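Engineer: Let me see the structure of the following:
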Amino acid sequence: MSRQNALFRLSPLARRLLPRPVLRFLLLQVMGVNRSYRQVLAAPSRLCLEREILPWLSARYARILFVGTASYTFHYERLFRRDQYTTIDLHPSTAVWGARDHIAAPIQDINRHRPKGSFDCVVLNGVFGFGVDKVDDMRAVLKELHDALQSDGFLVVGWNSDMHEDPEALSLYEPFFVRNQEAPWIGRRRFPAETHIYDFYRRRPG
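Structural biologist: Numbers count the residues shown, from 1 in each chain. As a prediction, the model looks like this:
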């Protein structure tokens with residue numbers, strides 16, 4: 001049996017027993033789980049998130065919720081203080097890539113795991129169209145995020161125009177959010193040759 005196959009067999013036990021840094025090292029350096037994501041990591045939309053959006057959020061918000069974890073997102077926590085950054089993902093197997101403060105649950109359940117108003121910023125990137133696909137489900141997520149955010153909380157939504165209709169054209173954000181009107185995140189951020197789009201919103205009062 002190859003070393004890589006042995007690690008795959010060990011994975012369920014390793015995920016429970018090995019310290020997170022050790023498990024990450026095995027997955028990244030020995031098994032090379034990020035090799036298939038090179039195109040994702042090099043995409044202009046991904047670089048914008050890592051180099052522009054997240055550092056800007058880190059400098060301005062005290063409690064940030066990042067929705068969805070993967071092997072190509074684990075290093076995002078380096079941009080934040082330990083008590084500043086929380087992640088959530090419904091798949092228990094992805095917890096290794098999450099923050100120290102990680103919630104293994106669907107985003108629809110966030111307010112069961114944290115008191116309402118716990119966050120002043122949420123990043124919802126690549127969730128609509130990748131697991132949350134139906135209009136009613138998308139609206140339900142936005143309702144939960146409205147409740148999870150403090151007054152005037154900031155919401156970043158990343159979505160792909162080839163995956164579903166424009167959420168804004170479907171009036172999904174009403175009555176929960178309004179478009180952000182403060183620089184530098186005014187209007188949409190688009191990328192040539194990509195279908196990925198970032199939108200920026202503020203929580204409506206109430």
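Engineer: residue boundaries of the strands in this structure?
Structural biologist: Secondary structure of the chain (DSSP state E): strands located at 64-67, 85-89, 101-104, 119-125, 149-160, 177-179, 189-190, 196-203.
Engineer: Next, format these as CSV and append mean neighbour count.
Structural biologist: To be clear about C-beta, it is placed using only N, CA and C from the backbone, and glycine gets the same treatment. Output for the strands of the chain, formatted as CSV (neighbours: other Cβ atoms under 10 Å):
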stretch, mean neighbour count
strand 64-67, 26
strand 85-89, 24
strand 101-104, 18
strand 119-125, 22
strand 149-160, 20
strand 177-179, 17
strand 189-190, 16
strand 196-203, 21
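Engineer: now those as JSON lines including distance to residue 170?
Structural biologist: Supplementary listing: those in JSON lines, determined by distance: least, Cβ to Cβ, whole Å:
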{"stretch": "strand 64-67", "distance to residue 170": "19"}
{"stretch": "strand 85-89", "distance to residue 170": "24"}
{"stretch": "strand 101-104", "distance to residue 170": "27"}
{"stretch": "strand 119-125", "distance to residue 170": "15"}
{"stretch": "strand 149-160", "distance to residue 170": "11"}
{"stretch": "strand 177-179", "distance to residue 170": "13"}
{"stretch": "strand 189-190", "distance to residue 170": "19"}
{"stretch": "strand 196-203", "distance to residue 170": "13"}
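Engineer: Redo those strands as TSV? Include distance to residue 135 and mean pLDDT.
Structural biologist: Shown next, in TSV, are these (distance: least, Cβ to Cβ, whole Å; pLDDT from 0 to 100):
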stretch	distance to residue 135	mean pLDDT
strand 64-67	18	98
strand 85-89	22	98
strand 101-104	25	96
strand 119-125	16	98
strand 149-160	13	97
strand 177-179	16	97
strand 189-190	23	97
strand 196-203	16	98
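Engineer: quick one: pLDDT of the residue nearest to residue 184 when sequence neighbours are not counted?
Structural biologist: In this structure, residue 184 finds its nearest non-sequential neighbour in residue 56, 7.3 Å apart by Cβ to Cβ, 6 or more residues apart in numbering. Here, the pLDDT recorded for residue 56 equals 98.
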